[in-house]
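In: I would like the atomic coordinates for the input below:
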Amino acid sequence: MLKYFRNVATEMKNVTWLSQEQTSKETVTVIAVSVIFALFLGGVDWLLQSGFNFIIN
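Out: Coordinates of the predicted model:
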């Protein structure tokens, strides 16, 4: 088990981390895409619900 954690520590030293600026840009992009996708799915849900309600009534 100790060997595993030593290997993890060694590998973590080899990781190339993003800069703070790049991390911020990526975070904003992920949030923006998530909001756009949520709005799209909400719109599709509303359209389907309206369509089914129109057909049923």
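In: so what's the residue count around F54?
Out: 8 (other C-beta atoms under 10 Å). All C-beta spots, glycine's among them, are computed from the backbone N, C-alpha and C.
In: oops, could you answer that again for F5 instead?
Out: Counted with other C-beta under 10 Å, F5 comes out at 9.
In: name the helix or strand for it, please.
Out: helix 2-14 (DSSP states H and E).
In: quick check: next helix or strand after that helix?
Out: helix 20-56.
In: would you mind checking the average pLDDT for that following helix?
Out: Average pLDDT, helix 20-56: 97.
In: distance of T27 from L18?
Out: 10 Å (C-beta to C-beta, to the nearest Å).
In: same question but for K25, I mixed them up
Out: Taking C-beta to C-beta, one finds K25 at 9 Å from L18.
In: and what of A9?
Out: 20 Å.
In: swap in T29?
Out: Relative to L18, and taking C-beta to C-beta, T29 is found at 12 Å.
In: what touches both of K25 and L18?
Out: Residues within reach of K25 and of L18 at once, by C-beta atoms under 8 Å, 6 or more residues apart in numbering: there are none.
In: neighbours of V44, how many?
Out: V44: 10 neighbours (other C-beta under 10 Å).
In: show me the residue at the heart of this protein, geometrically.
Out: For the chain, the residue sitting closest to the mean C-alpha position, by C-alpha atoms, centre = their mean, is V30 at 5.4 Å.
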